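>>> no sequence on this one, just coordinates:
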Ligand SMILES: Nc1ncnc2c1ncn2[C@@H]1O[C@H](C[S@+](CC[C@H]([NH3+])C(=O)[O-])CC(=O)[O-])[C@@H](O)[C@H]1O
Ligand SMILES: O=C(O)C(=O)Cc1ccccc1
């Protein structure tokens, strides 16, 4: 059986079968094997991902300011980076993608090069907790903050808010958990059903769940909203939700 989906110029992309056979329990890492299957993995695993990406272009277009920096923090293969690129119509803006996985950044370079667009993209293989941020108008954290240790999230958001110009925006997409035990159970079940509908087996779902348990820490929508306000954003609201995956828009006061 073949699962190659690549056209000649595309980096080789495969179907995600990483958890299909029994594996020894190990924490999930963004290594080369994940990077190879990542477009397939994230599309089949994150409800709403394929809707959120094109909306990042629309939101970027609304909030980008001339002569500013735009950041995609935890850019993986650059899906949100390229959406931002297409929403930026100022040639004096800088677009910067940051990821601390070498395997992701390496493949991201190929996708950026294949995207025929005049705005240069700078890719940094760095920890988003250390990367320099300044003069920002639009910053995206598309399903990345969930991998940052919870105790480090507030200072990162504060650093982003401090680096953002008045009227600028942060797009924050996350897996969330729910205060109500009943809602938590129903939304989790719907997420698993979404994965089953996308061809994942029960074994794949349960092995992946065990692998991400200690590394992807979801918080409630309320926790996210409160912390964004504390960090220095003034308007904070939900613009998208599908099951236990949300996206929030946070605006810096004018
Ligand atoms: N501290 C960190 N510093 C830098 N990168 C990090 C850090 N922690 C995690 N990452 C990186 O954040 C990315 C998270 S995936 C983002 C999808 C993308 N935004 C997309 O729109 O396709 C989401 C997911 O897989 O659920 C990975 O590439 C990590 O290496
Ligand atoms: O697959 C899952 O269950 C998730 O929660 C999302 C996800 C997507 C890609 C890498 C890690 C987690």
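Arrived safely, thanks for sending. Just so we're clear, the structure is a prediction, and the values are computed from it rather than from any experiment. Numbering: from 1, shown residues only. Ligands and ions are numbered 1, 2, ... in the order given.

>>> Quick one: neighbours of whichever residue of the stretch 1-150 of the chain sits closest to ligand 1, just the number.
Nearest residue of the stretch 1-150 of the chain to ligand 1, counting by CB to the nearest ligand atom: residue 74, 2.9 Å away. The way it works is simple: take the backbone N, C-alpha and C, and place the C-beta from them, glycine included. Counted with other CB atoms under 10 Å, residues neighbouring residue 74 total 22.

>>> What's the separation between the nearest residue to residue 33 once chain neighbours are set aside and residue 24?
With CB to CB, 6 or more residues apart in numbering as the criterion, residue 33 has its nearest non-adjacent residue at 6.3 Å, and that residue is residue 18. Residue 18 sits 13 Å away from residue 24, taking CB to CB, to the nearest Å as the criterion.

>>> With neighbour numbers in mind, choose between the two.
Using other CB under 10 Å as the criterion, residue 18 and residue 24 rank with residue 18 on top: 18 against 4.

>>> Contact partners for the residue lying closest to residue 133 once chain neighbours are set aside?
Nearest residue to residue 133 in three dimensions, chain neighbours excluded: residue 163, at 3.8 Å (CB to CB, 6+ apart). Contact analysis of residue 163 by CB atoms under 8 Å, 6 or more residues apart in numbering lists 133, 134, 135, 136, 139.

>>> and the first one, how many neighbours?
The local packing of residue 133 (other CB under 10 Å) involves 19 other residues.

>>> Run through who's touching the biggest helix by length in the chain.
Using DSSP state H, we find that the single longest helix of the chain is helix 181-197. Contacts with helix 181-197, where a contact means CB under 8 Å, 6+ apart, come from 44, 45, 47, 177, 178, 202, 204, 205, 243, 244, 245.

>>> So among those, which ones count as buried?
44, 45, 47, 177, 178, 204, 205, 243, 244, 245 (16 or more other CB atoms under 10 Å).

>>> got the residues of the chain near ligand 1?
Taking CB under 6 Å from any ligand atom as the measure of proximity, the chain contacts ligand 1 at 30, 42, 74-76, 79-80, 98-101, 104, 127-129, 142-144, 147-148.

>>> Selection in ChimeraX covering whichever of those are buried, please.
Buried residues within these, by 16+ other CB under 10 Å, are selected in ChimeraX with:
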select :30,42,74,75,76,79,80,98,99,100,101,104,128,142,143,144,148
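
>>> Out of the residues of the chain next to ligand 1, which are close to ligand 2?
residue 42.

>>> Between all of the contacts of helix 181-197, which two are separated the most?
178 and 204 (23.9 Å; CB to CB).

>>> Closest residue of the protein to ligand 2?
Counting by CB to the nearest ligand atom, the chain gets nearest ligand 2 through residue 45, at 3.4 Å.

>>> which stretches of the stretch 151-254 of the chain form helices?
153-163, 181-197, 202-212, 221-231 (DSSP state H, counting those that start in this stretch).

>>> re the thing from before, are we agreed that the residue nearest to residue 33 is in a strand?
No: under DSSP: H, G, I helix; E, B strand; the rest coil, residue 18 falls outside any strand and is assigned coil.

>>> and it, how far is that from residue 175?
18 Å.

>>> cool, residue 76 as well?
15 Å.

>>> re earlier: report the buried residues of the longest helix of the chain.
Per 16+ other CB under 10 Å, helix 181-197 contains these buried residues: 184, 187, 191, 192, 194, 195.

>>> quick one: it to helix 202-212, angle?
Put simply, helix 181-197 runs at 120 degrees to helix 202-212, going by axes from the mean of the first three to the mean of the last three CA atoms, to 10 degrees.
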